[in-house]
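1. Sequence and predicted structure are below.
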Amino acid sequence: MSDTPPDEGYPASRRRAGINDTLGAEFLEGNAQEGWMRIRYTGTQAFENGSGLIQGGILAAMLDNVMSRALVQRLEDDQIVQTLEMKTTFIGPAPIGPVIGEGQIVRQGRSIIFLEGRIFNEAGDLLVTASSTSKLGRRKA
């Protein structure tokens, strides 16, 4: 947990993780009951891969973030989520600038959760997709 205050898209008991600042994450909307979230990310020059595009690993981090946050908004205070595996498919180029991430829970069991995510440009073109399997844990005191 960081010292950054809570923000929209997080339960009041949780603090905003520092990775959100690094990725330029801005909460747009979400629904804990339905298990989905939308976030705008800022693809800065620091993320450029040399071709004027956002580097693929950064896009994967954005997807991991939005998928995890779709789940985090419905967790109990002492629960944590750990990504076990993630598959990412790059469909189109992501130029430097804003992109929109969408994450959703596909299925949630007692300890294993299946998630999906997508990144679009602001025109609505699909750029990247991902699916992941995550595990719920408990924060150690």
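-> Received the coordinates, thanks.
2. how near is residue 69 to residue 92?
-> Shown here: residue 69 relative to residue 92, a distance of 23 Å by Cβ to Cβ, to the nearest Å. Yep, even glycine has a C-beta here, placed from its N, CA and C like the rest.
3. Compare those two (neighbour count), which wins?
-> Between residue 69 and residue 92, counting by other Cβ atoms under 10 Å, residue 69 is the more crowded of the two (24 against 13).
4. Residue 39 is in contact with that one, correct?
-> Yes - between residue 69 and residue 39 there is a contact at 6.8 Å, judged by Cβ atoms under 8 Å.
5. tell me the SS of the spatially most central residue of the chain?
-> Closest to where the C-alpha atoms of the chain average out (Cα atoms, centre = their mean) is residue 66, at 1.6 Å. Secondary structure, DSSP: H, G, I helix; E, B strand; the rest coil: residue 66 is helix.
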